[in-house]
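Undergrad: Mind folding the following:
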Amino acid sequence: MGEELAKKIPIAIVEPLKIKKKIAKEVSIAIAEAVAQCRVDVISAYPITPQTHIVEHLAELVNNGELDAEYIPVESEHAAMSACIGASATGARTFTSTASQGLLFMYENLFIASAFRLPIVMVIANRSVSAPISIWNDHSDVMSMRDAGWITTFAENGQEAVDLVYHAYRVAEKALLPVAVNIDGFILSHVIEPIEFLDQELVDKYIPPLRMKYKLNPKRPITMGAIGVPEIYTEAKKAQDEALKASYKIIINAWREFEKLTGRRYQPVETYRMEDAEVALIIMGSLAETAMNAVDFLRERGKKVGLLRFRLWRPFPLKDFLKAIGKVKAIGVIDRAISHGATGGPVGIEVRSALYQSKKRPKVVNFIAGLSGRDVTVEDFVKLFEKTYEAMRKKTNFSYEIYGVKE
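TA: Model (predicted):
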């Protein structure tokens, strides 16, 4: 049925009647229903706060006969990713979801999934990493996998989370690489927002049936995971790195196709009021919408400020970033994770490295904020802008600042 519909609907046609009305949904439930629309074959997951509602709802859909898929309730996140690797290697469309310690428990398998070029999609409900134990939101979990070879995107709200799930399957199966979609735990996962789902016919057109050239099949045996002796290991890693960099064009094209279907536009680096900005903040995730209010507040008072948000984290969108910063004189990078013993947070370090390769050299200051779900208010963002302005005017004596720490 899906294949027949896919042949009949041109990808370029936008038909408003085929886009459902907005429905109030918990974001986790909406993500699960978007995954179901993508016609997944295998779901394997272990429940962990705050992603549990996603896989619980998928289990309900399978149990009720609303989703024709195999649901594998494993004993751990390590086993969940192992099951996804095995299923994906046979050509099955797979899904999993996790957070925090669960992601860390998957860790060794994350590298295997990407090296095997398997189009697994995973939603991470970002949460602090223990210790001390914290179930609240920051980005310390996903930043631990930034070198694992996964395409990585960030959502700011529920609609973006749903759209990025559709996008993830389109990209993963074109690039033959796994994709991690990040949502802020609780801040997004447990809130109710108005969501506009695509009609199933459009989903079927956007995400056609998975066709993998190389997969495990007893009738046509191949080897996956053979030993990489020194004579070939470097070449294998080079090929993997080139594949991840080459996925950039696939990611962009998939967003363009999505815009044709829905009118909703996504870019690797999103900008807000950057047209004449002299000072900008950089952030990822749901806090960006709060930061926009601070931008508006300061703009009304004559301050030329703007905001950049990384929608795409891996592969790092270097050219988009350099274009987006325009002629700013100072940048305040806000990290939601600490890189212990380093010269800044993960995003701050990346931004400095990117600028070192460019003739553009604005002043860069790095702030660690919002750890474990601590509030970062509009007033806080105003202060962070002020600190960035101050750094522009005079030399700072710190490589990064943990904002709001009690000392």
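
Undergrad: The closest residue to Val365 other than its chain neighbours: neighbouring residues, count only.
TA: Among residues not flanking Val365 along the chain, Ala391 sits closest, at 4.4 Å (CB to CB, 6 or more residues apart in numbering). Bear in mind the C-beta positions are built from the backbone N, C-alpha and C, glycine included. Close neighbours of Ala391, defined as other CB atoms under 10 Å, add up to 20.

Undergrad: which ones are touching Ala391?
TA: 330, 332, 363, 365 (CB atoms under 8 Å, 6 or more residues apart in numbering).

Undergrad: Which one of those residues sits in the busiest neighbourhood?
TA: Top of these by neighbour count (other CB under 10 Å): Gly332, with 27 neighbours.

Undergrad: So which residues make contact with the helix or strand hosting that residue?
TA: Gly332 belongs to strand 330-335 when assigned by DSSP states H and E. Under the contact criterion CB under 8 Å, 6+ apart, strand 330-335 has outside partners 139, 278-283, 287, 291, 325, 344-348, 351, 362-370, 376, 384-385, 387-389, 391-392, 400.

Undergrad: from those residues, which ones fall inside strands?
TA: Among the contacts of strand 330-335, the members falling in strands (DSSP state E) are 279-283, 363-368.

Undergrad: Of those residues, just say which sits nearest to Val162.
TA: Ile283 (21.1 Å; CB to CB).

Undergrad: before we move on, back to that, of all the contacts of Ala391, which two lie farthest apart?
TA: Gly332 and Lys363 (9.3 Å).

Undergrad: which stretches of the stretch 51-200 of the chain form strands?
TA: 70-73, 94-98, 121-126, 151-154, 179-184, 192-195 (DSSP state E, counting those that start in this stretch).

Undergrad: Of all those strands, which one is nearest Val27?
TA: Among the strands of the stretch 51-200 of the chain, strand 192-195 sits nearest to Val27 (CB to CB), with 5.9 Å.

Undergrad: Within the sheet, what are the partner strands of that closest one, with directions?
TA: Counting by DSSP bridges, the strands paired with strand 192-195 are strand 23-26 (antiparallel).

Undergrad: buried set for the partner strand?
TA: Neighbour-count burial for strand 23-26 flags 25-26 (criterion: 16 or more other CB atoms under 10 Å).

Undergrad: Show me the contact partners of it.
TA: 33, 53, 158, 189-197.

Undergrad: can you tell me how far the residue minimising distance to the centre of the chain sits from Val142?
TA: Nearest residue to the geometric centre of the chain (CA atoms, centre = their mean): Thr153, 2.2 Å. Distance, Thr153 to Val142, using CB to CB, to the nearest Å: 10 Å.

Undergrad: what do the two both touch?
TA: By CB under 8 Å, 6+ apart, the residues touching both Thr153 and Val142 are 180, 182, 313.
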